[in-house]
Every structure is written in structure tokens, then in C-alpha cells.
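Novice: fold the following and give me the result.
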Amino acid sequence: MSNGREFEGRVALITGSARNLGRAIAAALAQAGAAVVINSRASKQDMEATVAAISAAGGKAIAHLADITDADAVNRMVQATIDTFGKLDILVNNAVSHSVKAFQELSFEDWRRTMSVILDGTFHCTQACVPQIVRCGGGSIVNMGGAFGHMPYPGRAATSAAKAGLAGLTRALALELAAHNINVNYVSPGPANTVRETPFQFDMKRIPLGRLAEPSEVVAMVKLLCSPNGRYITGQTIHVNGGLYMNS
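Specialist: Numbers count the residues shown, from 1 in each chain. Below you'll find the predicted structure:
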């Protein structure tokens with residue numbers, strides 16, 4: 001564990017955090033002193049491995065299997081958070097679902113599955129968590145977006161639409177929740193060096209810095225926005241993509 005303990009005494013819930021960026025965010029917050037809730041819809045083994053790794057490093061974490069498209073399941077997850085840690089300060093809406101198909105091949109079920117996880121899931125989690133964050137006197141919400149919400153890419157129509165909607169929701173929430181001392185931001189990573197379930201080829205020449213993002217570089221922005229030093233930042237879309245969006 002590092003000496004940087006700026007999240008000591010705080011509690012964070014990170015959806016879709018069994019692996020990849022979600023896992024990296026959870027591990028970094030735990031290392032900085034936060035108690036974290038690891039969530040996955042179905043990846044129980046990965047989720048428990050993430051909790052074990054955080055615990056082995058001296059952090060505090062619990063695992064909670066929940067489908068965030070189910071409001072009742074989300075409410076149970078938030079209650080489990082309160083039952084275990086007594087409070088909730090930070091929500092990171094990170095869960096995602098991809099449909100990689102040409103638009104004419106995209107079924108309505110594919111479309112709805114992507115929308116339900118990215119938009120409906122964020123709706124359910126935010127509505128359930130906000131009252132708890134308010135009880136703490138305020139806190140932070142970070143919605144994890146992506147470059148495809150701001151620039152087109154073949155086969156990603158559903159993801160682009162959902163992520164663009166998430167950016168709009170972020171601004172609306174930032175305005176409404178400011179009175180409760182809650183800052184809300186949207187972090188938009190570019191292609192990152194993570195394990196992918198869906199095939200993805202990207203022309204690295206489109207990224208001015210010429211490489212994929214390391215998870216730690218995306219995590220650093222999430223930590224800033226949730227930390228005392230980032231509390232005056234709200235309603236922003238912050239691109240962490242090596243200049244990719246600049247070149248779109």
C-alpha cells in the first residue's frame with residue numbers, strides 16, 4: 001500500500017469492476033484508503049479474484065454479483081454496501097455492453113442490451129446511490145464513457161449512441177446534484193491496453209501519442225475527480241485518449 005491515503009474513510013462502488021479498467025479503478029481507490037465494492041453481472045470468479053488481490057494488498061473490498069439493469073438487484077447491492085461499510089461516498093458507473101455489428105445487421109435486442117447496461121444501468125445505480133451520498137454530505141460520481149460516444153467507428157452504432165447519451169446525462173446530473181455537494185463527470189478513454197472480449201483493430205496512426213492508454217493513466221483521472229483536489233470539477237467530459245479525439 002502506498003502512503004497516499006487521500007481516500008481514507010471513504011466508500012466507493014464501482015460497477016463492472018471484476019476486470020480491466022473497472023478492476024484497476026477499484027484497486028487504485030483501495031490502495032488510497034477507500035473501502036470498495038466490486039460488482040459484476042456474471043463474472044463471479046474474476047470478481048472474487050479482484051477482492052482477494054485488494055485484500056492481499058491491505059485494502060478493504062467486498063464482492064457483489066448484481067445485474068445493474070435490474071433496479072431491485074441494484075437496491076440490494078447498495079444496501080449491502082451500507083450494511084458492510086456504513087456509508088457510500090463515490091459511485092463509478094463503469095459497466096458496459098458492446099454490440100459489434102454493422103448497423104443493418106444490428107437487431108433491436110442487440111441495441112436494447114447495450115442501452116440497458118450503459119444508460120439504464122447508470123440510471124438505476126445513480127438513483128439508488130445518490131441518497132446515500134447525500135447522507136455523507138456529498139461525494140463524487142464518475143461515468144465512464146468512451147471515444148465512440150464522440151466520434152464514429154464502424155460497427156459501434158449502439159455503443160456510440162449509448163455513450164453519447166451518457167455524456168448528456170452526466171451534465172444533467174452535475175447541474176441537479178451540485179446543490180448536494182456532488183460532482184459528476186464523464187471520463188472518456190480511448191483504446192486501452194486491456195483484455196477484450198470483442199474483436200478490435202485500431203489504426204494507431206490516428207492517436208497522436210502513438211500508443212494505447214495504460215489503465216493506470218485512465219485511473220489517475222478518475223482518482224483526481226473523486227479526490228479533494230477534483231471536487232470543483234463537475235459536468236465535464238474529459239478525454240484520456242492520447243489526442244485521438246483531437247484528430248477525429
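
Novice: tell me the pLDDT at Thr194?
Specialist: Reported pLDDT at Thr194 in the predicted model: 68.

Novice: and if you look at Ser2?
Specialist: pLDDT, Ser2: 44.

Novice: Thr122 now?
Specialist: 98.

Novice: and it, which of the three is it?
Specialist: Under the three-state scheme (DSSP: H, G, I helix; E, B strand; the rest coil), Thr122 adopts helix.

Novice: also His64?
Specialist: Under three-state DSSP, His64 falls in the strand class.

Novice: tell me the spacing between it and Tyr153.
Specialist: Using C-beta to C-beta, to the nearest Å, one obtains 32 Å as the distance from His64 to Tyr153. All C-beta atoms are positioned from the backbone trio N, CA, C, and that covers glycine.

Novice: looking at these two, which is more packed in?
Specialist: His64 (21 against 15; other C-beta atoms under 10 Å).

Novice: please name the nearest non-neighbouring residue to that one.
Specialist: Met77 (4.8 Å; C-beta to C-beta, 6 or more residues apart in numbering).

Novice: ok, so what distance separates the one you found from Lys60?
Specialist: Taking C-beta to C-beta, one finds Met77 at 17 Å from Lys60.

Novice: which one's more surrounded, these two?
Specialist: The residue with more neighbours, out of Met77 and Lys60, is Met77; 23 against 16, by other C-beta under 10 Å.

Novice: that one contacts Ser40, doesn't it?
Specialist: No - using C-beta atoms under 8 Å, Met77 and Ser40 do not qualify as a contacting pair, with a distance of 10.8 Å.

Novice: tally of neighbours for the spatially closest residue to Lys60 that is not a sequence neighbour?
Specialist: Among residues not flanking Lys60 along the chain, Ala35 sits closest, at 4.0 Å (C-beta to C-beta, 6+ apart). Close neighbours of Ala35, defined as other C-beta under 10 Å, add up to 25.

Novice: next up, the contacts around Ala35.
Specialist: Listed by C-beta atoms under 8 Å, 6 or more residues apart in numbering, the contact partners of Ala35 are 10-12, 59-61, 84-85.

Novice: so which of those residues comes closest to Lys44?
Specialist: Comparing the contacts of Ala35 against Lys44 with C-beta to C-beta places Ala61 closest, at 14.5 Å.

Novice: if I read this right, the closest one contacts Met47, doesn't it?
Specialist: No - Ala61 lies out of contact with Met47 (C-beta under 8 Å); the separation is 9.8 Å.

Novice: quick one: the helices in the protein?
Specialist: With DSSP state H applied, the chain shows helices at 20-31, 44-56, 71-85, 108-115, 121-135, 157-177, 215-226, listed in chain order.
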